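Asker: Fold the following.
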Amino acid sequence: MSEKVLIERHGAVLVITVNRPAVRNALDAEVAAAVAAAADELDSSPELRVGVLTGAGGVFSAGMDLKAFQRGESPSIEGRGLCGIAVTPPRKPLIAAVEGWALGGGFELLLACDLVVAARTARLGLPEVKRSLVARGGGALQLADRVPQAVALEMLLTGEPISAERAALVGLVNRLTEEGGALAGALELAELIAANGPLAVAASKQVVRSAADWSLTDRWSRQAEITDPVFASADAKEGAAAFTEKRPPVWHGR
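Answerer: Coordinates of the predicted model:
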């Protein structure tokens with residue numbers, strides 16, 4: 001793993017930290033490859049249930065490394081998008097823990113996550129239009145799926161950042177913390193998720209992420225394709241047994 005991205009296991013939670021504080025955690029090709037590899041580890045390891053993505057030094061990410069861009073580098077991976085997670089996010093839940101700035105590609109990295117925990121002092125934005133660029137790493141495509149269209153257009157067309165508190169009011173941020181507390185808040189949320197049945201968690205995420213592409217006539221059958229195996233699993237039987245026997249469940253992911 002690159003020194004530009006650190007990974008650490010906290011029980012069933014994988015913490016992925018972009019570690020370039022000297023350049024506000026700007027994203028280059030090496031960072032992209034390392035984040036993608038960490039996402040693959042999250043999905044492939046049966047011991048891991050949830051990922052947390054954050055940045056070192058009190059900043060989430062200021063976006064694409066423009067010096068690397070001038071050298072011909074890109075933080076996008078072919079077929080997988082920004083840092084390997086924008087187009088092909090991990091199957092397991094991923095939480096963004098945001099301190100300081102999340103701008104441009106850094107904000108789009110946040111959008112690739114399922115949930116967001118942010119310090120009240122954090123600032124989020126897509127300044128691409130100020131440089132005659134377009135937020136094509138997920139911002140223009142996905143922001144209006146997470147917030148009202150008028151808010152998305154305001155951010156995309158003005159390039160001005162918004163506060164974490166406003167982001168929470170419009171539904172983009174799940175939990176607010178005091179400055180310096182985003183990672184702890186994200187770990188608390190991750191542990192709540194990790195305690196649940198892993199098959200059910202993954203299936204719930206898949207349904208939510210996929211349902212917008214389903215027609216009204218086949219959405220129930222498409223949901224059944226994903227959820228029927230969960231209801232028939234050994235974990236579902238374990239969940240019922242644990243409830244009846246008044247004990248914590250022991251999940252095996254099958």
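
Asker: Now Pro148. Nearest residue, chain neighbours left out?
Answerer: Residue nearest to Pro148 in three dimensions, not counting chain neighbours: Val170, with 6.3 Å by CB to CB, 6 or more residues apart in numbering. Bear in mind the C-beta positions are built from the backbone N, C-alpha and C, glycine included.

Asker: Local confidence estimate at the one you found?
Answerer: For Val170, the model assigns a pLDDT of 97.

Asker: Ok, Asn25 next?
Answerer: Looking at Asn25, the pLDDT reads 97.

Asker: Next one: Asp28 from Lys4, what distance?
Answerer: Asp28 is 8 Å from Lys4, where distance means CB to CB, to the nearest Å.

Asker: what's near enough to touch Ala29?
Answerer: Residues counted as contacts of Ala29 (CB atoms under 8 Å, 6 or more residues apart in numbering) are 68, 73-75.

Asker: And for Phe107?
Answerer: By CB under 8 Å, 6+ apart, the contact set of Phe107 is 63, 124-126, 135, 139.

Asker: switch the cut-off to 7 Å
Answerer: Phe107 makes contacts with 124-126, 139, as judged by CB atoms under 7 Å, 6 or more residues apart in numbering.

Asker: Next: Pro21.
Answerer: Neighbours of Pro21 in contact, by CB under 7 Å, 6+ apart: 56-57, 59.

Asker: And Val35, by the same measure?
Answerer: With contacts defined as CB under 7 Å, 6+ apart, Val35 is in contact with 5, 16, 83-85.

Asker: Among those residues, which lie within strands?
Answerer: Counting by DSSP state E, the members of these that fall within strands are 5, 16.

Asker: Surely Val31 is in a helix?
Answerer: Yes: inclusion of Val31 in a helix is indicated when DSSP: H, G, I helix; E, B strand; the rest coil is applied.

Asker: okay, the nearest residue to it once chain neighbours are set aside: pLDDT?
Answerer: Sequence neighbours aside, Lys4 is the residue nearest to Val31 in space, at 5.1 Å (criterion: CB to CB, 6+ apart). pLDDT for Lys4: 96.

Asker: and the gap between Lys4 and Gly137?
Answerer: With distances defined as CB to CB, the gap from Lys4 to Gly137 amounts to 18 Å.

Asker: For these two, work out which one has more neighbours and name it.
Answerer: Summary of the neighbour comparison: Lys4 and Gly137, criterion other CB atoms under 10 Å, with Gly137 having more neighbours (29 against 21).

Asker: what about the more buried one, is that helix, strand or coil?
Answerer: When states are read from three-state DSSP, the local structure at Gly137 comes out as coil.

Asker: That'll do, ta.
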